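Chemist: Any chance you can model this:
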Amino acid sequence: MTIAELGSIGELVGGIAVLVTLIYLAIQVRHSNQISLSQAYQARFDSRARLHLKEMGDDLPEILSRFAASPEEVMEMTEIDKAKLVAYMNYWLFYLDNVIYQEQLGLLDMTEIYGEQTTRTKAYEQINNAFKVLDIEIPNRVRLEFAKYDVT
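Modeler: Presented below is the predicted three-dimensional model:
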């Protein structure tokens, strides 16, 4: 084998190595962009969550137990208690939206949170019913997720 032939083989191997490196870098950049989007969305959720957590107060567990026992009791609650309940449900709405978004990015598996489909469907139905009673608008991403599980 001559030096020219060895040089040609070296060029071919070098070209293939460059191509493999470019493909690898493209995958890394895509993954890095997903992580950046995820972190930005998580930061948005965290700031909203802090805002809503401040509004809830120490008596929230008692308000939630009253609401869970009889959702219709909302009409008889004081305006302050209603506001605390709405703040709590908005917190859940933002949490759910964040989790769905993280799953769409491929960074989270919802089965780790909700388990099997029947558990997830039941949780979605309960959350959706609470949103309806409190007249809270559901964002499109969450509405589409509910629709996948026939929750309307």
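Chemist: How about residues contacting the helix or strand bottoming out on mean pLDDT in the chain?
Modeler: Least confident helix or strand of the chain, by mean pLDDT, DSSP states H and E, is helix 111-114 with a mean of 72. The contact list for helix 111-114 (CB atoms under 8 Å, 6 or more residues apart in numbering) reads Val99, Arg120, Ala123. No exception for glycine: its C-beta is placed from N, CA and C like everyone else's.
Chemist: Spell out the secondary structure type for the residue nearest the centre of the chain.
Modeler: The residue lying closest to the centre of the chain (CA atoms, centre = their mean) is Val99, at 1.8 Å. Three-state call for Val99 (DSSP: H, G, I helix; E, B strand; the rest coil): helix.
Chemist: repeat for the one 3 residues further on
Modeler: When the structure is split into helix, strand and coil by three-state DSSP, Gln102 lands in helix.
Chemist: you'd agree it is up against Asp109?
Modeler: No. The pair Gln102 and Asp109 fails to qualify as a contact (CB atoms under 8 Å) at a distance of 9.5 Å.
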